[in-house]
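In: Predicted model, plus sequence, below.
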Amino acid sequence: MDGISLTKLVLGFVAGVIAVVTAHEIINYILYTSGMFPRVPWSTTPAAMTGVPQIVSDAFWGGLWGVLFALVSDKIPGGNLTVKGLIFGILGPAILGVFILVPLITDRFPLFFGFDPQLLGSVLLILAGFGAAMGWIYGLLTART
């Protein structure tokens, strides 16, 4: 795999999962309880495409984003893994994932949420926080590898 070990990929997955169930969902909770974002945090309602609890689906996808982060983190500008994770969270999961790919795949909502500023801002905040947490956790986990 030239430059990255299987261990680092696994640790990227673990970092992504942990970041989802903590930072991602805490920010989601704050936005949800303030009435700014309609998505229920830590939801056990079956996910639309898989039928597994939504939090399990989100954690799995967060783990896959963590694997991708492990693969590209050395190419992302930024001084440390937390900043790199923040940048990654905005560009990857938010813009590419939620704003473009999910609407194209599921047809559940328009691209970029129809440019609704409250929804756009909420998703960017949630996924920037996810990315920063994931980068920080990944750094902790890989510090001794």
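Out: Okay, I see it.
In: for the chain, longest helix please?
Out: helix 117-142 (DSSP state H).
In: ok, and for that one, which residues are buried?
Out: Across helix 117-142, burial judged by 16 or more other CB atoms under 10 Å covers 119-120, 122-139, 141-142. Backbone N, C-alpha and C define where each C-beta goes, glycine included.
In: to the chain's geometric centre, what's the distance from the helix or strand hosting T82?
Out: Taking DSSP states H and E as the criterion, the element that holds T82 is helix 81-89. Average the C-alpha atoms of helix 81-89, do the same for its chain, and the two points are 11 Å apart (CA atoms, centre = their mean, to the nearest Å).
In: How about stretch 36-47?
Out: Using CA atoms, centre = their mean, the distance from the centre of stretch 36-47 to the centre of the chain it belongs to is 15 Å.
In: what mean pLDDT would you report for it?
Out: Averaged over stretch 36-47, pLDDT sits at 94.
In: Ok, stretch 52-72 next?
Out: Stretch 52-72 shows a mean pLDDT of 96 in the predicted model.
In: Need the contact partners of it.
Out: By CB atoms under 8 Å, 6 or more residues apart in numbering, the surrounding residues in contact with stretch 52-72 are 4, 8-9, 11-17, 19-21, 24-25, 40, 42-47, 49-50, 84-85, 88, 92-93, 97, 130-131, 134-135, 138.
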